[in-house]
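Participant: can't give you the sequence, but here's the structure:
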């Protein structure tokens, strides 16, 4: 089994982690939460000999998807995945806050996903975990074979996502983390939407918002 390689670039005014994943020795790539600067993403992938096949959106706030439509034009046959319940944000500039920065932006999902769905791109496989709280339809993507979780703005290094935006709910966020994410193995690497990477085991002990150990 070839190794999953997780790389990222920090883009946009909110310093988003935009992840691209591929298997060692393979050319198919997955992009998670392409925030902005589609040309930079395109050039980076091309320089590495990668072809974008899928875009995974963790949730519908503007800083996580404003390069999606351009990337779909740049790469042929790209499929966009997002939580089925998140269309209310993705398709409404006032809800996803893009209107607040003067750039109203809408994304249509090709494949709406729900809890437990599996996504396969090349030899990469991930499971969808619905994690409402930061937003109603937020999801995380769990690459079980490789002990990798892309957590979006649900779980950060020793912190959690804010819940004061439209459809946010603090109680649901805590439940998503403690009842779903903390059930994953402690050695699972967690790659959040902002800031440093962490692990499930670390957050169980040191996260002041959701410490259970």
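Facilitator: Sure, I can see it. Treat the numbers as computed from the prediction; the structure is a model and nothing was measured. Numbers count the residues shown, from 1 in each chain.

Participant: Show me where the protein dips below the pLDDT cut-off.
Facilitator: The chain contains residues with pLDDT under 70 at 1, 213.

Participant: could you pull out the helices for it?
Facilitator: 38-47, 68-74, 87-90, 170-179, 200-206 (DSSP state H).

Participant: which one of the ones you listed lies closest to residue 60?
Facilitator: Closest to residue 60 of these, according to CB to CB: helix 87-90, at 2.9 Å. The C-beta positions use only the backbone N, C-alpha and C, and glycine is treated the same way.

Participant: Save the helices of the chain as JSON lines, and put in mean neighbour count and distance to residue 148 too.
Facilitator: As requested, the helices of the chain are exported to JSON lines (neighbours: other CB atoms under 10 Å; distance: least, CB to CB, whole Å):
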{"stretch": "helix 38-47", "mean neighbour count": "16", "distance to residue 148": "19"}
{"stretch": "helix 68-74", "mean neighbour count": "17", "distance to residue 148": "22"}
{"stretch": "helix 87-90", "mean neighbour count": "22", "distance to residue 148": "24"}
{"stretch": "helix 170-179", "mean neighbour count": "17", "distance to residue 148": "17"}
{"stretch": "helix 200-206", "mean neighbour count": "17", "distance to residue 148": "11"}
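
Participant: Same list (those helices) but as JSON lines, adding distance to residue 108.
Facilitator: Listed next are the helices of the chain as JSON lines, based on distance: least, CB to CB, whole Å:
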{"stretch": "helix 38-47", "distance to residue 108": "16"}
{"stretch": "helix 68-74", "distance to residue 108": "9"}
{"stretch": "helix 87-90", "distance to residue 108": "8"}
{"stretch": "helix 170-179", "distance to residue 108": "25"}
{"stretch": "helix 200-206", "distance to residue 108": "33"}
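
Participant: Tell me which of the ones you listed sits nearest to residue 153.
Facilitator: Nearest to residue 153, of all the helices of the chain, is helix 170-179, at 9.7 Å by CB to CB.

Participant: The helices of the chain: which one's closest to residue 27?
Facilitator: Residue 27 lies closest, by CB to CB, to one member of the helices of the chain: helix 38-47, at 9.6 Å.

Participant: returning to what we had before: between the helices of the chain, which gets nearest to residue 158?
Facilitator: With CB to CB as the yardstick, what comes closest out of those is helix 200-206 (5.4 Å).

Participant: Centre of the chain to that closest one, how far?
Facilitator: Distance of helix 200-206 from its chain centroid, counting by CA atoms, centre = their mean, to the nearest Å, is 20 Å.

Participant: ok so, going back, out of the helices of the chain, which gets nearest to residue 25?
Facilitator: Nearest to residue 25, of all the helices of the chain, is helix 38-47, at 15.9 Å by CB to CB.

Participant: Packing partners of the closest one?
Facilitator: With contacts defined as 3 or more CB pairs under 8 Å, 6 or more residues apart in numbering; DSSP states H and E, the packing partners of helix 38-47 are strand 4-11, strand 16-23, strand 28-32, helix 68-74.

Participant: could those go into a markdown table alongside distance to residue 165?
Facilitator: What follows is those, written out as a markdown table (distance: least, CB to CB, whole Å):
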| stretch | distance to residue 165 |
| --- | --- |
| strand 4-11 | 20 |
| strand 16-23 | 15 |
| strand 28-32 | 20 |
| helix 68-74 | 19 |
